[in-house]
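Undergrad: Mind looking at a prediction? Sequence and model below.
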Amino acid sequence: QVQLVESGGGLVQPGGSLRLSCAVSGYTLDYYGIGWFRQAPGKEREEISCIHIIDGATEYAEPVKGRFAISSDNAKNTVYLQMSSLKAEDTGVYYCAARSTPVWDRWGQGTQVTVSS
């Protein structure tokens with residue numbers, strides 16, 4: 001089984017930056033993708049970025065393109081989400097997830113990000 005643990009959330013002012021980390025452990029050989037999702041208050045959870053572990057290919061949702069960057073350190077089994085130019089609408093609980101099929105089937109517990117002055 002794969003376990004994921006997010007960290008790095010917190011309170012930041014608009015325009016600020018945060019880096020989230022997703023530590024991946026367990027049997028990871030079958031998993032090829034790690035994604036970041038967020039859920040804002042009163043809204044459904046949305047996928048915002050993902051990375052293919054083998055070839056490093058990345059994808060971003062339109063609201064975060066140009067502001068967020070996903071990366072992986074395979075030696076540390078950690079995936080990062082560097083968030084810059086943060087806006088109030090980026091507030092929410094951020095989750096990382098893993099997949100071995102097109103379905104995201106392993107999830108972390110989430111980390112809160114609050115963008116407020």
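TA: Cool, got the structure.
Undergrad: where does this protein dip in pLDDT?
TA: Scanning the chain for pLDDT under 70 picks out nothing.
Undergrad: How about the contacts made by the residue nearest to the spatial centre of it?
TA: What sits nearest the mean C-alpha location of the chain, by C-alpha atoms, centre = their mean, is Trp36, with 2.7 Å. Shown in contact with Trp36 (C-beta atoms under 8 Å, 6 or more residues apart in numbering): 20, 22, 47-50, 70, 79, 81, 94-97. Just so you know, the C-beta spots here come from the backbone N, C-alpha and C atoms, and that holds for glycine as well.
Undergrad: give me the beta-bridge partners of Phe37?
TA: Glu47, Tyr95 (DSSP bridges).
Undergrad: quick one, strands of this protein?
TA: 2-7, 10-12, 18-26, 33-39, 46-52, 58-60, 68-73, 78-83, 92-99, 106-107, 111-115 (DSSP state E).
Undergrad: Pull the residues that contact stretch 21-30.
TA: For stretch 21-30, the external contacting residues (C-beta under 8 Å, 6+ apart) are 1-8, 31, 34, 36, 76-81, 96, 98, 100, 108.
Undergrad: That stretch spans what distance, first to last residue?
TA: 21 Å (C-alpha to C-alpha, to the nearest Å).
Undergrad: Then stretch 63-82?
TA: 14 Å.
Undergrad: hmm, who's touching that stretch?
TA: Everything outside stretch 63-82 that qualifies as a contact, by C-beta under 8 Å, 6+ apart, is 17, 19-25, 28, 34, 36, 48-51, 53, 56, 58, 60, 83-86, 89-90, 94, 96.
Undergrad: go with 7 Å
TA: 19-25, 28, 34, 36, 48-49, 51, 53, 58, 60, 83-85, 96 (C-beta atoms under 7 Å, 6 or more residues apart in numbering).
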